[in-house]
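> Sequence and computational prediction follow.
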Amino acid sequence: MTRLVVGPFNRVEGDLELTLDIEEGRVAEARVATTLYRGFEQILVGRPAHDALTIAPRICGICSVSQSLAAAAALREISGVMPPPNGELAANLVHAAENIADHLSHFYLFFMPDFARAEYAGKPWHAEIAARFKATEGTAAREMLPARARLLHIMGLLAGKWPHSLALQPGGVTRALDLGGKMRLLAILGDFRAFAEKSLFGAPLEDIAALETPAQLRAYAEKKADFPAFLRLAGDLSLDKLGRCALPLMSFGGYYGSEGPLFQAGVVDPAGAVKKMGRIGEQVAASYFADSAEDPFRAHTLPDMERIGAYSFAKAPRLDKNPAETGAVARQAVAGQKLVRALLQNSGGSHVLARVVARVVEIAQVTIAAESWARALNVRESFCETAPPLASGAAIGKVEAARGALGHWVSVERGHIRAYQIIAPTTWNFSPRDAAGVPGPLEQALVGVETGALGAKAAAIQHVVRSFDPCMVCTAH
Amino acid sequence: MSATETFYDVIRRQGITRRNFSKFCSLTAASMGLGATGASQVAHALETNPRVPVIWMHGLECTCCSESFIRSAHPLVKDVVLSMISLDYDDTIMAAAGHQADAILQETRQKYKGKFILAVEGNPPLNEDGMFCIDGGRPFVEKLKEMAADAMAVIAWGSCASWGCVQAAKPNPTHAVPIDKVITDKPIIKVPGCPPIAEVMTGVITFVNTFGRLPELDRQGRPLMFYSQRIHDKCYRRPHFDAGQFVEEWDDENARKGFCLYKMGCKGPTTYNACSTVRWNDGVSFPIQSGHGCIGCSEDGFWDKGPFYERLSNIHQFGIEANADKIGIAATAAVVGAMAIHAGITAVGRLRANGKPHDTPPSAPQK
């Protein structure tokens, strides 16, 4: 057996280190370490409750809207304020812009460049992929970045600035759009649709959202655009057999509105059977933290660098004592998206292909939904209800960030934060081992991956890690 | 990549048109306040001076600075990123991984010894011997000191590197410190903000490439061209402040009329930044335009200056201007006195006496 340490990782958000035990050219065991800790859960305690809206988003510069919305959701439940429809629509639009932007960065800047590596030089698709996606040189980033920046004008219009927007409040958004603003919003979404349909999909968004079977996906893969190009190489490399993980898939549900959420909350197993949500708890057996209650409402987070057996600053979140996978693939599976369900069923678990397909298909779905939210804004009506002063109470602020289920467990006493615990999507996916020694989703997905002669440098390792689109600064916060 | 290559060589090789390059120069010159001949000055310098290599490192941070940077207004900025930074080293977007990435870092450091700019996003935590931020198996603080030793100058991106930011908020569990606490012998340009405005970031890098020296800094180490005015000075809602017209609640009638947000806790009158002129997301807007007050995220210590949502109910209508001016004058005095100070002599960081970390902080509420 050889033990390899892979890190620092590039093209992921934050710091990450893997320890791999290799036997006969395959990963026998994997340990994933989050190597960065700041202590937000300690910092937030004692502050005026609403200040969570300015401190908590700063956990992450990539998913800051998700963090804002989770904090706002918890405070909303504690205060009982009800945002007007415009407030919900505007928050959905801001959230959609961030999530789509994250999916784009992942696909174009983080995930695809690995297929331009020299080890694939013999593949028939290599020249095309390298020209388009090679890190910092490919032509694709030059088309995507301006389109992404243009999409993020939505942040300017509705939230003032991004990252770390301030406009998102428990009672809605502070920015009331006028008619001109609404027209600009629709124009921005129109421009984004044009980019997505031409460069990414090579097809109308509606066609992508309507993909239901693997056979339809194979037929679509013949088109000329970036997503079909990925599908072709995914077939050649059998990415549906790489990075398997057969854990429950969990989603907190996303984009709420008067007609319910666009993506519902829940838990399904890889075969698609619906399971109950279960109890969420965090364990610290392999984490650099002092012993603490598992229930996030009773837990505290205090570093303990001397802990025997600890190897990560991430805690180990568990759903009824078991690890669970979260992210676009879980969101789509729970929401019943037929193509993603079929891809999971065929393999008895999630895999690199399903994770990427779920994410890219979601770009189409959410863009279509965003257009309808923008049209539904009634600029003569209110955008924000003022929340009453906070007294005491406790609530969980749950949202779906781009990378999956994000929760803020908040207790307030006399208007001040008594306790604040955060479980981020990548804390779930890149969880270390728990008290029973059970590995987290990525640790399970890496087992069996062939590394061959390249060892830790094998692209397969990179594909599996990046297929989860990790956000390491959220993970340990 | 040759050391004598110019910025212009690199971007032309990447297929950027001359026209786009000229537009970039005019925009940058305008944002730096260079006047009528500025654009050609910038263009000439970028065509003839050797490119200044930039190494971009990440410490304890949230990557918001990178995220802001890659969305700068002019399309060419992405090529500024691609051609100037990632050719050297940036761990968010570069191609290499693992030890290969570390090797590139070391190689760049050797090759451009004493000639590169070290751009630092985030900051080092000192508790537990720096173990709260491990980068490539070593505490970030060690890597930072090592890289800084061979740098020509250092850019502190954002409020983390400049002041400490949220991870340094009470009780500062990891003892995160601004980089000038550990880098004491190099000029440091502080570009605060959480995050800083993209155009301010590209402006700073382009200035260094254009003039081969650091921009003029104020006494706190910030480039004067972007941080010499308060948000309040150029705020489009200023007439409402002067007229005593204030928003009382989010999205009330007064908010719809665009009244001043001072009573909602706006910190524009005490915050030095370019938000109200350069604005955000390609000049679309900035926090005050979104109906929310400024929280002063570019100011030292902003993270512990809450509550951010306490309404000011005791403003006397006729005393307002005096109040604001008092605030403004006090804050401006600190800056004006420092107008002429150049970067070279602003490396005033002090090494902590013996680097002894704080004890594990108490978990009790501080308020």
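Sure, I can see it. Residues are numbered from 1 along each chain as shown, chains lettered A, B, ... in the order given.
> And for A:Arg375, nearest residue in space, chain neighbours not counted?
A:Leu186 (7.1 Å; C-beta to C-beta, 6 or more residues apart in numbering or on different chains). Every C-beta, even on glycine, is put in place using the N, C-alpha and C of the backbone.
> how near is that neighbour to A:Gly160?
With the distance defined as C-beta to C-beta, to the nearest Å, A:Leu186 ends up 20 Å from A:Gly160.
> For the residue lying closest to A:Thr35 once chain neighbours are set aside, grab phi and psi.
In space, and not counting its chain neighbours, A:Thr35 is closest to B:Ile134: 3.8 Å by C-beta to C-beta, 6+ apart. The phi and psi torsions at B:Ile134 (degrees, to the nearest 10) take the values phi -100, psi 130.
> wait, doesn't B:Ile134 sit right on A:Gly14?
No. In this structure B:Ile134 lies outside contact range of A:Gly14 using C-beta atoms under 8 Å: 11.5 Å.
> tell me the contacts of the residue nearest to A:Arg375?
Taking C-beta atoms under 8 Å, 6 or more residues apart in numbering or on different chains, we find A:Leu186 in contact with A:Glu371, A:Ala374, A:Arg375.
> before we move on, the earlier item: now do the shared contacts for B:Ile134 and A:Gly14.
A:Leu36.
> more crowded one of those two?
A:Gly14 (27 against 21; other C-beta atoms under 10 Å in any protein chain shown).
> Could you double-check that B:Trp250 lies in contact with A:Thr386?
Yes. Contact criterion C-beta under 8 Å: B:Trp250 and A:Thr386 qualify, at 5.6 Å.
> Which one's more surrounded, the two?
For B:Trp250 versus A:Thr386, neighbours defined as other C-beta under 10 Å are more numerous around B:Trp250 (26 against 17).
> Which residues lie in contact with A:Ile208 in this structure?
A:Ile208 sits in contact with A:Phe201, A:Tyr220, A:Phe227, A:Val360, A:Val361, A:Ala364, where contact means C-beta under 8 Å, 6+ apart.
> what's near enough to touch the last one?
Right, the one you point to is A:Ala364. A:Ala196, A:Phe201, A:Leu205, A:Glu206, A:Ile208, A:Ala209.
> and the residues you listed as CSV, adding distance to A:Ala149 and pLDDT?
CSV is the format used below for the contacts of A:Ala364 (distance: C-beta to C-beta, whole Å; pLDDT from 0 to 100):
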residue, distance to A:Ala149, pLDDT
A:Ala196, 14, 98
A:Phe201, 20, 98
A:Leu205, 20, 98
A:Glu206, 25, 98
A:Ile208, 22, 98
A:Ala209, 24, 97
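> Among those residues, find me the one that's closest to B:Gln41.
Proximity of those to B:Gln41 (C-beta to C-beta) peaks at A:Ala196, which lies at 40.0 Å.
> burial count for that closest one?
As a burial measure, A:Ala196 scores 27 neighbours (other C-beta under 10 Å).
> quick one, phi psi at it?
phi -60, psi -40.
> so what's it up against?
Residues in contact with A:Ala196, defined by C-beta under 8 Å, 6+ apart, are A:Ala147, A:Leu205, A:Ile363, A:Ala364, A:Thr367.
> same question, B:Val120
By C-beta under 8 Å, 6+ apart, B:Val120 lies in contact with B:Trp56, B:Met57, B:Gly59, B:Leu144, B:Val154, B:Ile155, B:Ala156, B:Trp157, B:Ala161, B:Ile179.
> quick one: which of those residues sit in strands?
B:Trp56, B:Met57, B:Val154, B:Ile155, B:Ala156, B:Trp157 (DSSP state E).
> could you dump these to JSON lines with neighbour count and pLDDT?
JSON lines is the format used below for those (neighbours: other C-beta atoms under 10 Å in any protein chain shown; pLDDT from 0 to 100):
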{"residue": "B:Trp56", "neighbour count": "25", "pLDDT": "83"}
{"residue": "B:Met57", "neighbour count": "24", "pLDDT": "86"}
{"residue": "B:Val154", "neighbour count": "25", "pLDDT": "96"}
{"residue": "B:Ile155", "neighbour count": "27", "pLDDT": "95"}
{"residue": "B:Ala156", "neighbour count": "28", "pLDDT": "97"}
{"residue": "B:Trp157", "neighbour count": "30", "pLDDT": "95"}
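> Let me have these in a markdown table, adding distance to B:Thr277 as columns.
Listed next are the ones in strands among the contacts of B:Val120 as a markdown table, based on distance: C-beta to C-beta, whole Å:
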| residue | distance to B:Thr277 |
| --- | --- |
| B:Trp56 | 26 |
| B:Met57 | 30 |
| B:Val154 | 26 |
| B:Ile155 | 21 |
| B:Ala156 | 22 |
| B:Trp157 | 20 |
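> Now distance to chain A too, for the residues you listed, in CSV please.
Below are those laid out as CSV (distance: C-beta to the nearest C-beta, whole Å):
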residue, distance to chain A
B:Trp56, 12
B:Met57, 11
B:Val154, 20
B:Ile155, 17
B:Ala156, 16
B:Trp157, 11
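> tell me which of those residues is nearest to B:Pro124?
Distances from B:Pro124 to the ones in strands among the contacts of B:Val120, taken by C-beta to C-beta, are shortest for B:Met57, at 10.3 Å.
> now A:Asp295, nearest residue through space, not along the chain?
Per C-beta to C-beta, 6+ apart, closest to A:Asp295 is A:Gly281, 5.8 Å.
> Make sure that neighbour is indeed in a helix.
No. Applying DSSP: H, G, I helix; E, B strand; the rest coil, one finds A:Gly281 to be strand, outside a helix.
> Could you check how many residues crowd around it?
Counted with other C-beta under 10 Å, A:Gly281 comes out at 20.
> For the stretch 151-300 of chain A, what lies in contact range of chain B?
A:152-153, A:155-167, A:169, A:171-176, A:300 (C-beta under 8 Å from any C-beta of the partner chain).
> which non-adjacent residue is nearest whichever residue of the stretch 1-150 of chain B sits closest to chain A?
Closest contact between the stretch 1-150 of chain B and chain A, by C-beta to the nearest C-beta, is at B:Cys64 (2.5 Å). Computed as C-beta to C-beta, 6+ apart, the closest residue to B:Cys64 that is not its neighbour in sequence is A:Gly61, at 2.5 Å.
> can I assume that neighbour is in contact with B:Phe69?
No. Counting by C-beta under 8 Å, A:Gly61 does not reach B:Phe69; the two are 10.5 Å apart.
> Need the overlap of contacts for these two.
Common neighbours of A:Gly61 and B:Phe69, using C-beta under 8 Å, 6+ apart, are B:Pro195.
> For the stretch 51-200 of chain B, give me the ranges with low pLDDT.
Filtered on pLDDT under 70, the stretch 51-200 of chain B yields the residue ranges B:72-101.
> Show me the strands in it, by range?
B:54-58, B:89-90, B:117-121, B:134-135, B:138-139, B:153-157, B:188-191 (DSSP state E, counting those that start in this stretch).
> Redo the ones you listed as CSV? Include distance to A:Leu237.
Formatted as CSV, the strands of the stretch 51-200 of chain B follow (distance: least, C-beta to C-beta, whole Å):
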stretch, distance to A:Leu237
strand B:54-58, 31
strand B:89-90, 28
strand B:117-121, 34
strand B:134-135, 31
strand B:138-139, 34
strand B:153-157, 37
strand B:188-191, 42
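> and of the ones you listed, who's closest to A:Arg307?
Shortest distance between A:Arg307 and the strands of the stretch 51-200 of chain B, using C-beta to C-beta, is found for strand B:134-135: 15.6 Å.
> who touches the spatially most central residue of chain A in this structure?
Among the residues of chain A, the one closest to the centroid is A:Arg403, at 0.7 Å (C-alpha atoms, centre = their mean). Going by C-beta under 8 Å, 6+ apart, A:Arg403 touches A:63, A:102, A:326-328, A:424-426, A:429, A:468-471, A:474.
> Quickly note the distance from it to chain B.
The gap separating A:Arg403 from chain B is 14 Å, by C-beta to the nearest C-beta, to the nearest Å.
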